[in-house]
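A.B. asks: fold the stuff below for me.
(one chain, ligands or ions: 1)
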Amino acid sequence: MNPKKESPLKRIWGLAKSEHKRLKLSILLAILGVASGFIPYFCAGKIIIMLLNGTAERNNCIPWLVLALAGSIGKVLLVTYSTSQSHIATYAVLAEVRNKCVHKLTNLSMGTLQNQSLGRWKGILVDQIESMETTLAHLLPEMTSNLLAPLLLLAVLFTIDWKMALISVATLPVGMIFMMAAMKNYPQKYQESVQTGKKMNDAIVEYVNGIEVIKAFNQGKEAYAGYVEAVNANAGFYYKWMKSAQFGMACYRNFSPAVLLGVLPAGMGFYLNGSLSSSQFIMVMILSMGIVGPIIAASNFVDSLAQTGTIIESIETILDAGEQHHPKEYVKLSGTDIEMEHVSFAYEEGKESILRDVSLTIRQGTVNALVGPSGGGKSTITKLIAGFWDTDQGMIRIGKKDIRQIPLAQISEQIAYVSQDNFLFDDTIRENIRMGKENATDKEVEEVAKKAGCDGFIRKLEHGYDTTTGGGGAHLSGGERQRIAIARAMLKDAPIVILDEATAYIDPENEAIIQKAISRLVQGKTLIMIAHRLSTVIGAGQILLVDQGKISGTGTHDELLKQSALYRNMWNAHIGAKDGEQV
Ligand SMILES: Nc1ncnc2c1ncn2[C@@H]1O[C@H](COP(=O)(O)OP(=O)(O)OP(=O)(O)O)[C@@H](O)[C@H]1O
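C.D. replies: Alright, predicted model coming up:
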């Protein structure tokens, strides 16, 4: 929400700071354009008066005709130039706002990012920002000019006859009353429309994301029903809203431009009692017809102005969202020991803690394994160490420094994180690996791929290293994606390596290759690995048993077998010695 409660126009103006000069020029040109559009009306009035006076001769009329033509051409040129300037400014501003939002996203905690659906992020960053185009490019110059220029015309009317000037705009307030009735509850209604639109967005994103599961379980109709429901709800909402506003809007559109309703009888009356000359009457009639058009055009923007208010509010929820408070200046770390002291953590404020009073120490250069029942909090521990979230209570230190004092970029440089979800960007394999080290040469990329055991399969692909991976790496097998993720982590060459279930979904043949890749990746590093299959962690220097958000045991495999009943059960279940019982 926007705590400052500034008007939408002021807020748009604030966002467009870098293009103020160009936008001001565009507004000025637009005002001149609309004013220029009044000239033909004025000339027509003059010619009609001459016709009635009997003074209309070729020489008298030609200057007015030329002036009328110049006014019309001037309007076209000025408005065209104004529009081109406003569009140049608008696209620069939209790019800036998008860049600001995307930059901001990288500084938000994972909590803020994950607490919103993918549909909502897409809705704001793509659709809503795009829809600001109308407001910035058209509303600012056109609305301003369409409001200001009629004031000029009104001033001219006042110089002719002040009573007639007032009467010429008398139908406007009547029309406005109808419009206000139609627009009653507009902000609330628009908010509701955003909500139903968002639900529709979410439904389609979820449907597309889950398409594999939907097909596998033959859930097409059921899953599709959710989307259809959201689409119908959206259409139904608009239908009801438009139906309730239609009468008021129709009255407004018909009443407001009917200036002659007042001007004709009043003008006739004043003419008959001698207080208005025939030439004044003619001029007032003609000029008054020019006033209302621009005002109606300006009022058509009220709708998009209100919409923009809501859009800006959404954008501000991103730009004003709380960032993780880490300094920007790099600090000196002594080694890469990791210490957690009495750490408690909940993913959402006020919700039950996932970690409760966790303390642990991981020494530099050692191999450490986190094991324990599913949902116990192993991944949560590694995510806190990687700085994806900030702790609620307690402290985490890396290299003897509280991680809240370490810049996020520096934490990221210290840690290579290979997660369960080895996300690959829709780019070439080469670039996906190069993400580990921005300035790595092609040779370095290929060498690291060899070490990670992926050079062989990459070269067999049609375009080798230049093969694109498809959104999310969909064109590669799970094992291939994993090896590329390991190559990426190897290239990063960070002193701490976190492997979150890195060998989880791999077949035995691939597992041997991946284990080899991993052992190269972790050579000389501080390693924290999460594994369900205890056989992969037997050799670890320290095994931490995580259960229900606590560390329930620490030691080597042999020590834990002696100390911990839970670990013994897990081990027995693993080797299948205890009736195949799962823990
Ligand atoms: N982003 C999140 N928001 C809310 N709750 C979460 C989030 N991520 C995990 N959790 C919850 O935190 C708890 C611990 O999850 P975590 O992934 O740390 O466990 P784990 O021991 O790694 O489990 P597994 O072995 O199954 O991967 C679970 O109850 C999980 O549902």
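
A.B. asks: would you map out the domains in the chain?
C.D. replies: In terms of domains, the chain is parsed into 8-170+259-319, 338-575 (source: automatic domain parsing).

A.B. asks: now for those, which one comes closest to residue 204?
C.D. replies: domain 8-170+259-319 (7.3 Å; C-beta to C-beta). Where you see a C-beta, it was placed from the backbone N, CA and C, and this is true even at glycine.

A.B. asks: low-confidence stretches in this structure?
C.D. replies: Across the chain, the ranges flagged by pLDDT under 70 are 1-6, 111, 114-119, 212-223, 471-474, 501-511, 577-583.

A.B. asks: quick one: the strands in it?
C.D. replies: Using DSSP state E, the strands of the chain run over 338-345, 355-362, 367-371, 393-398, 401-402, 415-418, 496-500, 526-530, 542-547, 550-555.

A.B. asks: hmm, the last one touching the ligand?
C.D. replies: No. Judged by C-beta under 6 Å from any ligand atom, strand 550-555 and the ligand are separated, with a smallest distance of 11.6 Å.

A.B. asks: what angle do that strand and strand 338-345 make?
C.D. replies: Per axes from the mean of the first three to the mean of the last three C-alpha atoms, to 10 degrees, the angle that strand 550-555 makes with strand 338-345 is 160 degrees.

A.B. asks: the chain should start at 35 in everything you say after this.
C.D. replies: Sure, I'll start counting at 35 from here, so that last one is strand 584-589.

A.B. asks: where do the helices of the stretch 435-584 of the chain begin and end?
C.D. replies: When assigned using DSSP state H, counting those that start in this stretch, the helices of the stretch 435-584 of the chain occupy the ranges 442-448, 463-468, 476-485, 489-494, 512-526, 542-555.

A.B. asks: tell me the most buried of those?
C.D. replies: helix 512-526 (a mean of 24; mean count of other C-beta atoms under 10 Å).

A.B. asks: and it, what does it pack onto?
C.D. replies: strand 449-452, helix 463-468, helix 476-485, helix 542-555 (3 or more C-beta pairs under 8 Å, 6 or more residues apart in numbering; DSSP states H and E).

A.B. asks: just want the angle from the third one to helix 542-555.
C.D. replies: Using the same axes, to 10 degrees, the interaxial angle of helix 476-485 with respect to helix 542-555 works out to 130 degrees.

A.B. asks: packing partners of helix 476-485?
C.D. replies: Against helix 476-485 (3+ C-beta pairs under 8 Å, 6+ apart) you get helix 463-468, helix 489-494, helix 512-526, helix 542-555.

A.B. asks: residues making contact with it?
C.D. replies: Around helix 476-485, the neighbours that count as contacts under C-beta atoms under 8 Å, 6 or more residues apart in numbering are 464, 467-468, 470-471, 474, 489, 492, 499, 518, 521, 524-525, 551, 554-555.

A.B. asks: just how off-centre is it within its chain?
C.D. replies: Chain-centre distance of helix 476-485: 36 Å, with C-alpha atoms, centre = their mean, to the nearest Å.

A.B. asks: for residue 452, give me its contacts.
C.D. replies: Going by C-beta under 8 Å, 6+ apart, residue 452 touches 516, 519-520, 523, 531-534, 536, 555.

A.B. asks: let me know the closest of these to the ligand.
C.D. replies: residue 534 (7.5 Å; C-beta to the nearest ligand atom).

A.B. asks: so that closest one sits against residue 449, correct?
C.D. replies: No. Between residue 534 and residue 449 there is no contact under C-beta atoms under 8 Å: 11.7 Å.

A.B. asks: these two - which one has more neighbours?
C.D. replies: Legend: neighbour count by other C-beta atoms under 10 Å for residue 534 and residue 449, higher for residue 449 (24 against 20).

A.B. asks: list, one by one, the residues from the protein near the ligand.
C.D. replies: Near the ligand, when you scan the chain using C-beta under 6 Å from any ligand atom, you find 148, 381, 388, 406, 408-414.

A.B. asks: turn the residues you listed into a markdown table, including distance to residue 355 and neighbour count.
C.D. replies: Converted to a markdown table, these look like this (distance: C-beta to C-beta, whole Å; neighbours: other C-beta atoms under 10 Å):
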| residue | distance to residue 355 | neighbour count |
| --- | --- | --- |
| 148 | 13 | 13 |
| 381 | 16 | 16 |
| 388 | 22 | 20 |
| 406 | 33 | 24 |
| 408 | 31 | 8 |
| 409 | 28 | 13 |
| 410 | 30 | 22 |
| 411 | 26 | 24 |
| 412 | 28 | 25 |
| 413 | 24 | 18 |
| 414 | 22 | 21 |
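
A.B. asks: of the residues you listed, closest to residue 512?
C.D. replies: residue 413 (18.2 Å).
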